[in-house]
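Trainee: would you be able to build a 3D model of this:
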Amino acid sequence: MRILITGVCGFAGSSIAESLLERRENVAIIGVDNLRRPGSEMNRRRLRKLGVQFIHADIRAASDFESLPSVDWTIDAAADPSVVAGIRGSSSRQLVEHNLGSVVNVLEFCKAHKAGLLLISSSRVYSIPALNALSLVDRGDAFHLDCAGPLPRGLSTRGIGIDFSTSAPVSLYGGAKLAAEVLALEYSEAFGFPVWIDRCGVLAGAGQFGTPDQGIFSYWINAHLRKRPLVYLGFGGTGKQVRDAFHPRDLAALLDAQMRESRAGGQRIYTAGGGIGNTMSLSQLHAWCDGQFGAHPCQSDLRQRPYDVPWVAMDSTDAERDFGWRIEAALSDVLEEIARHAANHPDWLEISGL
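Mentor: Sure, this is the predicted structure:
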(Lines give C-alpha, C1' and ligand atoms only; values in the text may rest on other atoms or scores of the structure.)
Protein backbone atom coordinates (compact mmCIF):
# COMPACT_ATOMS: atom_id res chain seq x y z
CA MET A 1 0.00 0.00 0.00
CA ARG A 2 1.17 3.52 -0.84
CA ILE A 3 0.09 6.42 1.37
CA LEU A 4 0.62 10.13 0.76
CA ILE A 5 0.74 12.33 3.87
CA THR A 6 0.51 16.09 3.41
CA GLY A 7 2.10 18.23 6.11
CA VAL A 8 4.30 15.24 6.90
CA CYS A 9 6.91 17.29 8.76
CA GLY A 10 4.42 18.73 11.22
CA PHE A 11 3.79 17.15 14.60
CA ALA A 12 0.65 15.28 13.55
CA GLY A 13 1.90 14.28 10.10
CA SER A 14 5.28 12.99 11.25
CA SER A 15 3.79 11.10 14.21
CA ILE A 16 1.14 9.48 12.00
CA ALA A 17 3.77 8.45 9.45
CA GLU A 18 5.94 6.86 12.11
CA SER A 19 2.99 5.07 13.72
CA LEU A 20 1.68 3.69 10.42
CA LEU A 21 5.11 2.30 9.56
CA GLU A 22 5.03 0.48 12.90
CA ARG A 23 1.48 -0.78 12.45
CA ARG A 24 1.53 -1.93 8.82
CA GLU A 25 3.72 -4.23 6.77
CA ASN A 26 4.44 -3.55 3.11
CA VAL A 27 3.49 0.10 3.34
CA ALA A 28 5.29 2.89 1.51
CA ILE A 29 4.79 6.45 2.72
CA ILE A 30 5.35 9.49 0.56
CA GLY A 31 5.33 12.73 2.50
CA VAL A 32 5.06 16.30 1.27
CA ASP A 33 5.66 19.49 3.20
CA ASN A 34 6.61 23.08 2.41
CA LEU A 35 8.78 23.23 5.58
CA ARG A 36 7.16 26.55 6.48
CA ARG A 37 6.77 25.76 10.19
CA PRO A 38 9.82 26.45 12.40
CA GLY A 39 11.42 23.18 13.44
CA SER A 40 9.91 21.09 10.63
CA GLU A 41 13.30 20.47 9.07
CA MET A 42 14.15 18.30 12.09
CA ASN A 43 11.25 15.98 11.32
CA ARG A 44 12.28 15.75 7.66
CA ARG A 45 15.62 14.23 8.65
CA ARG A 46 13.97 11.84 11.10
CA LEU A 47 11.38 10.66 8.58
CA ARG A 48 13.97 10.01 5.89
CA LYS A 49 15.81 7.71 8.30
CA LEU A 50 12.53 5.80 8.75
CA GLY A 51 12.22 5.28 5.01
CA VAL A 52 9.63 7.95 4.22
CA GLN A 53 10.02 9.34 0.73
CA PHE A 54 10.05 13.09 1.29
CA ILE A 55 9.08 15.55 -1.44
CA HIS A 56 9.40 19.27 -0.85
CA ALA A 57 6.14 20.70 -2.14
CA ASP A 58 3.52 23.30 -1.34
CA ILE A 59 0.03 21.83 -1.70
CA ARG A 60 -1.41 25.30 -2.26
CA ALA A 61 0.16 25.04 -5.73
CA ALA A 62 -1.74 22.67 -8.04
CA SER A 63 1.38 22.19 -10.17
CA ASP A 64 3.25 20.69 -7.20
CA PHE A 65 0.96 17.65 -7.43
CA GLU A 66 1.94 16.90 -11.02
CA SER A 67 5.12 15.03 -10.05
CA LEU A 68 3.61 13.07 -7.14
CA PRO A 69 3.29 9.31 -7.62
CA SER A 70 0.00 7.44 -7.56
CA VAL A 71 -1.10 6.29 -4.10
CA ASP A 72 -3.88 4.26 -2.53
CA TRP A 73 -4.69 6.72 0.27
CA THR A 74 -3.99 10.35 1.10
CA ILE A 75 -3.91 11.63 4.67
CA ASP A 76 -4.35 15.40 4.69
CA ALA A 77 -2.53 16.60 7.81
CA ALA A 78 -1.47 19.96 6.37
CA ALA A 79 -2.99 23.14 7.78
CA ASP A 80 -2.36 26.39 9.51
CA PRO A 81 -3.25 24.89 12.91
CA SER A 82 -4.04 27.99 14.96
CA VAL A 83 -7.64 28.96 15.70
CA VAL A 84 -6.65 32.63 15.49
CA ALA A 85 -5.11 32.18 12.06
CA GLY A 86 -6.48 34.76 9.68
CA ILE A 87 -6.77 37.46 12.33
CA ARG A 88 -3.32 37.14 13.90
CA GLY A 89 -0.05 35.84 12.47
CA SER A 90 -1.42 35.31 8.96
CA SER A 91 -3.89 37.07 6.72
CA SER A 92 -7.40 35.80 6.10
CA ARG A 93 -6.45 35.05 2.48
CA GLN A 94 -3.43 33.03 3.61
CA LEU A 95 -5.61 31.05 6.00
CA VAL A 96 -8.10 30.17 3.26
CA GLU A 97 -5.28 29.23 0.88
CA HIS A 98 -3.70 26.97 3.51
CA ASN A 99 -6.80 25.32 4.95
CA LEU A 100 -9.28 25.28 2.07
CA GLY A 101 -7.63 26.04 -1.26
CA SER A 102 -5.01 23.34 -0.64
CA VAL A 103 -7.77 20.80 0.09
CA VAL A 104 -9.19 21.41 -3.41
CA ASN A 105 -5.80 20.40 -4.83
CA VAL A 106 -5.70 17.32 -2.60
CA LEU A 107 -9.19 16.33 -3.74
CA GLU A 108 -8.26 16.76 -7.40
CA PHE A 109 -5.25 14.53 -6.79
CA CYS A 110 -7.43 11.87 -5.15
CA LYS A 111 -9.92 12.16 -8.03
CA ALA A 112 -7.19 11.64 -10.63
CA HIS A 113 -5.69 8.59 -8.88
CA LYS A 114 -8.89 7.17 -7.32
CA ALA A 115 -7.13 7.42 -3.97
CA GLY A 116 -9.05 7.42 -0.72
CA LEU A 117 -8.84 10.49 1.50
CA LEU A 118 -8.55 10.76 5.26
CA LEU A 119 -9.20 14.40 6.15
CA ILE A 120 -8.01 15.49 9.58
CA SER A 121 -10.50 18.09 10.72
CA SER A 122 -10.97 19.87 14.01
CA SER A 123 -13.21 20.29 17.03
CA ARG A 124 -13.21 23.98 16.13
CA VAL A 125 -15.87 23.45 13.45
CA TYR A 126 -18.41 23.72 16.28
CA SER A 127 -20.41 26.85 17.00
CA ILE A 128 -18.68 29.27 19.37
CA PRO A 129 -21.98 30.70 20.71
CA ALA A 130 -23.25 27.16 21.34
CA LEU A 131 -20.05 26.22 23.18
CA ASN A 132 -20.15 29.42 25.22
CA ALA A 133 -23.79 28.67 26.12
CA LEU A 134 -23.01 25.27 27.67
CA SER A 135 -24.13 24.83 31.26
CA LEU A 136 -20.92 24.43 33.24
CA VAL A 137 -20.12 23.92 36.91
CA ASP A 138 -17.13 25.63 38.50
CA ARG A 139 -15.38 23.12 40.72
CA GLY A 140 -12.48 25.25 41.88
CA ASP A 141 -9.78 24.52 39.34
CA ALA A 142 -11.81 23.59 36.25
CA PHE A 143 -15.13 23.93 34.48
CA HIS A 144 -17.18 20.73 34.31
CA LEU A 145 -20.18 19.93 32.17
CA ASP A 146 -23.44 20.28 34.12
CA CYS A 147 -25.39 17.13 33.30
CA ALA A 148 -28.24 17.79 35.74
CA GLY A 149 -30.49 19.30 33.07
CA PRO A 150 -31.18 18.57 29.41
CA LEU A 151 -28.17 18.72 27.10
CA PRO A 152 -28.23 20.30 23.63
CA ARG A 153 -28.33 18.15 20.51
CA GLY A 154 -24.99 16.51 19.82
CA LEU A 155 -23.79 16.70 23.42
CA SER A 156 -23.80 13.80 25.87
CA THR A 157 -22.15 12.98 29.17
CA ARG A 158 -19.29 11.62 27.03
CA GLY A 159 -18.73 14.91 25.23
CA ILE A 160 -19.36 16.53 21.85
CA GLY A 161 -20.50 14.43 18.89
CA ILE A 162 -20.93 15.12 15.20
CA ASP A 163 -24.47 16.48 15.60
CA PHE A 164 -23.48 19.41 17.82
CA SER A 165 -24.18 22.78 16.23
CA THR A 166 -21.80 24.04 13.54
CA SER A 167 -23.65 27.33 13.11
CA ALA A 168 -21.48 30.39 12.54
CA PRO A 169 -19.42 31.86 14.00
CA VAL A 170 -16.92 29.04 14.34
CA SER A 171 -13.80 31.18 13.60
CA LEU A 172 -12.17 31.69 10.22
CA TYR A 173 -10.09 28.60 10.92
CA GLY A 174 -13.15 26.52 11.81
CA GLY A 175 -15.07 27.84 8.82
CA ALA A 176 -12.32 26.77 6.43
CA LYS A 177 -12.21 23.33 8.04
CA LEU A 178 -15.99 22.96 7.83
CA ALA A 179 -16.01 24.00 4.17
CA ALA A 180 -13.23 21.48 3.48
CA GLU A 181 -15.39 18.74 5.00
CA VAL A 182 -18.31 19.60 2.73
CA LEU A 183 -16.11 19.68 -0.38
CA ALA A 184 -14.51 16.34 0.51
CA LEU A 185 -17.89 14.64 0.84
CA GLU A 186 -19.12 16.13 -2.44
CA TYR A 187 -15.99 15.02 -4.31
CA SER A 188 -16.37 11.54 -2.85
CA GLU A 189 -19.96 11.31 -4.04
CA ALA A 190 -19.30 12.79 -7.47
CA PHE A 191 -16.11 10.93 -8.35
CA GLY A 192 -16.37 7.68 -6.44
CA PHE A 193 -13.44 7.58 -4.04
CA PRO A 194 -13.73 6.94 -0.28
CA VAL A 195 -13.47 9.77 2.23
CA TRP A 196 -13.24 9.63 6.02
CA ILE A 197 -13.33 12.82 8.09
CA ASP A 198 -12.11 12.95 11.68
CA ARG A 199 -12.92 15.99 13.83
CA CYS A 200 -10.07 15.84 16.32
CA GLY A 201 -9.68 17.23 19.80
CA VAL A 202 -6.31 18.56 20.90
CA LEU A 203 -3.34 16.46 19.80
CA ALA A 204 -0.43 16.42 22.23
CA GLY A 205 2.86 14.64 22.72
CA ALA A 206 6.64 14.90 22.71
CA GLY A 207 8.06 16.84 19.79
CA GLN A 208 5.08 19.12 19.29
CA PHE A 209 5.97 22.69 18.32
CA GLY A 210 4.09 24.53 21.05
CA THR A 211 2.94 28.15 21.04
CA PRO A 212 0.31 30.03 23.10
CA ASP A 213 -2.11 29.66 20.15
CA GLN A 214 -1.49 26.03 19.22
CA GLY A 215 0.06 23.01 20.94
CA ILE A 216 -0.86 24.40 24.35
CA PHE A 217 0.19 21.37 26.40
CA SER A 218 3.67 21.32 24.90
CA TYR A 219 4.00 25.09 25.14
CA TRP A 220 2.88 25.27 28.77
CA ILE A 221 5.17 22.49 29.96
CA ASN A 222 8.20 23.86 28.12
CA ALA A 223 7.51 27.44 29.24
CA HIS A 224 6.93 26.41 32.88
CA LEU A 225 10.14 24.35 32.97
CA ARG A 226 12.11 27.33 31.60
CA LYS A 227 10.34 29.76 33.98
CA ARG A 228 8.94 31.79 31.13
CA PRO A 229 6.01 34.13 31.87
CA LEU A 230 2.65 32.35 31.71
CA VAL A 231 -0.79 33.97 31.59
CA TYR A 232 -4.35 32.75 32.13
CA LEU A 233 -6.36 34.59 29.50
CA GLY A 234 -10.09 35.26 29.79
CA PHE A 235 -12.75 33.33 31.71
CA GLY A 236 -11.96 35.21 34.90
CA GLY A 237 -8.20 34.86 34.48
CA THR A 238 -8.14 31.67 36.56
CA GLY A 239 -7.29 29.07 33.92
CA LYS A 240 -10.44 26.98 34.37
CA GLN A 241 -11.08 26.47 30.65
CA VAL A 242 -10.89 22.78 29.73
CA ARG A 243 -9.72 20.75 26.72
CA ASP A 244 -9.43 17.05 26.06
CA ALA A 245 -6.22 15.75 24.50
CA PHE A 246 -4.92 12.59 22.87
CA HIS A 247 -1.73 11.33 21.29
CA PRO A 248 -1.32 11.22 17.49
CA ARG A 249 -0.33 7.55 17.83
CA ASP A 250 -3.94 6.93 18.84
CA LEU A 251 -5.18 8.98 15.89
CA ALA A 252 -2.98 6.85 13.61
CA ALA A 253 -4.73 3.74 14.94
CA LEU A 254 -8.10 5.20 13.91
CA LEU A 255 -6.81 6.18 10.47
CA ASP A 256 -5.41 2.68 10.02
CA ALA A 257 -8.78 1.14 10.92
CA GLN A 258 -10.58 3.44 8.49
CA MET A 259 -8.25 2.50 5.64
CA ARG A 260 -9.00 -1.16 6.32
CA GLU A 261 -12.77 -0.58 6.28
CA SER A 262 -14.28 -1.49 2.91
CA ARG A 263 -17.88 -0.38 3.37
CA ALA A 264 -19.32 2.24 1.08
CA GLY A 265 -21.82 4.84 2.20
CA GLY A 266 -22.98 5.35 5.74
CA GLN A 267 -21.41 7.70 8.26
CA ARG A 268 -18.26 9.40 7.02
CA ILE A 269 -17.63 12.03 9.73
CA TYR A 270 -16.38 11.04 13.17
CA THR A 271 -15.29 12.81 16.33
CA ALA A 272 -12.03 11.70 17.89
CA GLY A 273 -10.32 12.88 21.04
CA GLY A 274 -9.29 12.15 24.56
CA GLY A 275 -12.84 12.40 25.82
CA ILE A 276 -13.98 13.24 29.33
CA GLY A 277 -11.31 10.98 30.86
CA ASN A 278 -8.48 12.88 29.19
CA THR A 279 -9.52 16.45 29.98
CA MET A 280 -7.54 19.07 31.86
CA SER A 281 -7.85 22.77 32.57
CA LEU A 282 -4.98 25.22 32.31
CA SER A 283 -5.08 25.58 36.08
CA GLN A 284 -4.76 21.81 36.52
CA LEU A 285 -1.97 21.70 33.96
CA HIS A 286 -0.13 24.46 35.80
CA ALA A 287 -0.51 22.62 39.11
CA TRP A 288 0.87 19.47 37.45
CA CYS A 289 3.88 21.49 36.24
CA ASP A 290 4.35 22.97 39.72
CA GLY A 291 4.56 19.44 41.07
CA GLN A 292 7.09 18.42 38.43
CA PHE A 293 9.32 21.49 38.20
CA GLY A 294 8.64 23.57 41.31
CA ALA A 295 6.27 26.46 41.86
CA HIS A 296 6.08 29.11 39.15
CA PRO A 297 3.67 32.07 39.26
CA CYS A 298 1.03 32.54 36.59
CA GLN A 299 -0.42 35.95 35.75
CA SER A 300 -4.08 36.70 35.06
CA ASP A 301 -5.51 38.62 32.13
CA LEU A 302 -9.29 39.12 32.07
CA ARG A 303 -9.43 40.06 28.40
CA GLN A 304 -11.38 37.61 26.28
CA ARG A 305 -9.68 36.60 23.04
CA PRO A 306 -11.67 36.07 19.87
CA TYR A 307 -12.72 32.44 19.39
CA ASP A 308 -11.85 31.26 22.92
CA VAL A 309 -14.32 28.78 24.42
CA PRO A 310 -14.58 27.44 27.99
CA TRP A 311 -14.96 23.69 27.49
CA VAL A 312 -14.37 21.11 24.76
CA ALA A 313 -14.26 17.32 25.07
CA MET A 314 -14.90 15.00 22.14
CA ASP A 315 -17.25 12.01 22.27
CA SER A 316 -15.66 9.14 20.33
CA THR A 317 -18.58 6.71 20.76
CA ASP A 318 -19.19 6.41 17.01
CA ALA A 319 -15.53 5.58 16.30
CA GLU A 320 -15.58 2.99 19.07
CA ARG A 321 -18.74 1.41 17.64
CA ASP A 322 -17.69 1.33 13.99
CA PHE A 323 -13.94 0.74 14.25
CA GLY A 324 -13.39 -0.68 17.75
CA TRP A 325 -11.23 2.36 18.39
CA ARG A 326 -10.26 3.58 21.85
CA ILE A 327 -7.40 5.76 22.96
CA GLU A 328 -4.56 3.98 24.72
CA ALA A 329 -2.40 6.85 25.99
CA ALA A 330 -3.67 8.38 29.24
CA LEU A 331 -3.22 12.14 29.51
CA SER A 332 -0.84 11.66 32.44
CA ASP A 333 1.42 9.56 30.21
CA VAL A 334 1.27 12.15 27.45
CA LEU A 335 2.27 14.92 29.87
CA GLU A 336 5.18 12.89 31.23
CA GLU A 337 6.35 12.21 27.67
CA ILE A 338 6.28 15.94 26.89
CA ALA A 339 8.12 16.74 30.12
CA ARG A 340 10.92 14.26 29.33
CA HIS A 341 11.27 15.75 25.86
CA ALA A 342 11.32 19.28 27.32
CA ALA A 343 14.08 18.33 29.77
CA ASN A 344 16.18 16.93 26.92
CA HIS A 345 15.55 19.87 24.57
CA PRO A 346 16.17 23.13 26.45
CA ASP A 347 15.93 25.15 23.23
CA TRP A 348 12.55 23.72 22.18
CA LEU A 349 10.64 27.00 22.48
CA GLU A 350 13.19 28.69 20.26
CA ILE A 351 12.95 25.82 17.77
CA SER A 352 9.17 26.29 17.83
CA GLY A 353 9.64 29.88 16.74
CA LEU A 354 9.29 31.66 20.11
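Trainee: show me what the top helix by length along the chain is packed against.
Mentor: Determined from DSSP state H, the single longest helix within the chain is helix 172-191. On a contact count with 3 or more Cβ pairs under 8 Å, 6 or more residues apart in numbering; DSSP states H and E, helix 172-191 meets helix 92-96, helix 102-113, strand 116-122, strand 195-200. In short, each C-beta sits where N, CA and C put it, glycine included.
Trainee: just the endpoints, please. Distance across stretch 189-207?
Mentor: One end of stretch 189-207 to the other measures 37 Å (Cα to Cα, to the nearest Å).
Trainee: quick one: buried residues of stretch 272-284?
Mentor: 272-276, 278-284 (16 or more other Cβ atoms under 10 Å).
Trainee: pull the residues that contact it.
Mentor: The contact list for stretch 272-284 (Cβ atoms under 8 Å, 6 or more residues apart in numbering) reads 123, 141-143, 145, 157-159, 198-202, 216, 220, 232, 238-246, 251, 254, 288, 313-316, 319, 325, 327, 330-331.
Trainee: now with 7 Å, please.
Mentor: For stretch 272-284, contacts defined as Cβ atoms under 7 Å, 6 or more residues apart in numbering pick out 123, 141-143, 158-159, 198-201, 232, 238-246, 251, 254, 313-316, 319, 327, 330-331.
Trainee: among the residues you listed, which are located in strands?
Mentor: 143, 159, 198-200, 232, 242-246 (DSSP state E).
Trainee: any of these buried? List them.
Mentor: Among those, those buried by neighbour count (16+ other Cβ under 10 Å) are 143, 159, 198-200, 232, 242-246.
Trainee: so which pair among those is furthest apart in space?
Mentor: Across those, the longest distance by Cβ to Cβ is 30.1 Å; it joins 198 and 232.
Trainee: show me where the stretch 151-300 of the chain has its helices.
Mentor: With helices called from DSSP state H, counting those that start in this stretch, the stretch 151-300 of the chain shows them at 172-191, 216-225, 248-260, 282-293.
Trainee: tell me how far the shortest one lies from the chain's centre.
Mentor: Here helix 216-225 shows a centroid-to-chain-centroid distance of 17 Å under the convention Cα atoms, centre = their mean, to the nearest Å.
Trainee: tell me the angle of that helix relative to helix 282-293?
Mentor: With axes from the mean of the first three to the mean of the last three Cα atoms, to 10 degrees defining the directions, helix 216-225 sits at 50 degrees from helix 282-293.
Trainee: please name the residues that touch residue 210.
Mentor: Taking Cβ under 7 Å, 6+ apart, we find residue 210 in contact with 216, 218-219, 222, 352.
Trainee: out of the ones in strands among the contacts of stretch 272-284, flag the one nearest to residue 303.
Mentor: Closest to residue 303, out of all of these and judged by Cβ to Cβ, is residue 232, at 10.9 Å.
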